[in-house]
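**Student:** sharing a sequence plus its predicted fold:
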Amino acid sequence: MDDRNKLDEPEPVGTADTMTGVFFGIIIAAIILYVLFNGIPVSLR
């Protein structure tokens, strides 16, 4: 029962962490794709 109580309390925090993780994940993915698509033509030249 104690474990369930501990899990119930941080739910809003977990949701915020998930949204932040997804937000930064999209930004990082966009940067990686940007570098890859811009870096491939440069390396081919």
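**Tutor:** It's in.
**Student:** pLDDT of stretch 31-45, averaged?
**Tutor:** Mean pLDDT, stretch 31-45: 76.
**Student:** how many neighbouring residues does F23 have?
**Tutor:** Counted with other CB atoms under 10 Å, residues neighbouring F23 total 10. For the C-beta atoms, the positions are set from N, CA and C on the backbone; glycine is no exception.
**Student:** give me the element it is part of.
**Tutor:** helix 11-44 (DSSP states H and E).
**Student:** that helix packs against which elements?
**Tutor:** Using 3 or more CB pairs under 8 Å, 6 or more residues apart in numbering; DSSP states H and E, no helix or strand is in contact with helix 11-44.
**Student:** now stretch 30-41 - C-alpha only, CSV.
**Tutor:** This file holds the C-alpha atoms of stretch 30-41, laid out as CSV (Å, rounded to 0.1, in the frame of the first residue of the first chain):
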residue,chain,number,x,y,z
ALA,A,30,15.2,18.0,-35.2
ILE,A,31,18.8,19.1,-34.5
ILE,A,32,20.1,15.6,-35.4
LEU,A,33,18.1,15.5,-38.6
TYR,A,34,19.1,19.0,-39.5
VAL,A,35,22.8,18.2,-39.0
LEU,A,36,22.5,14.9,-40.9
PHE,A,37,20.7,16.3,-43.9
ASN,A,38,23.0,19.3,-44.1
GLY,A,39,26.1,17.3,-43.3
ILE,A,40,25.6,14.5,-45.9
PRO,A,41,25.8,16.8,-48.9
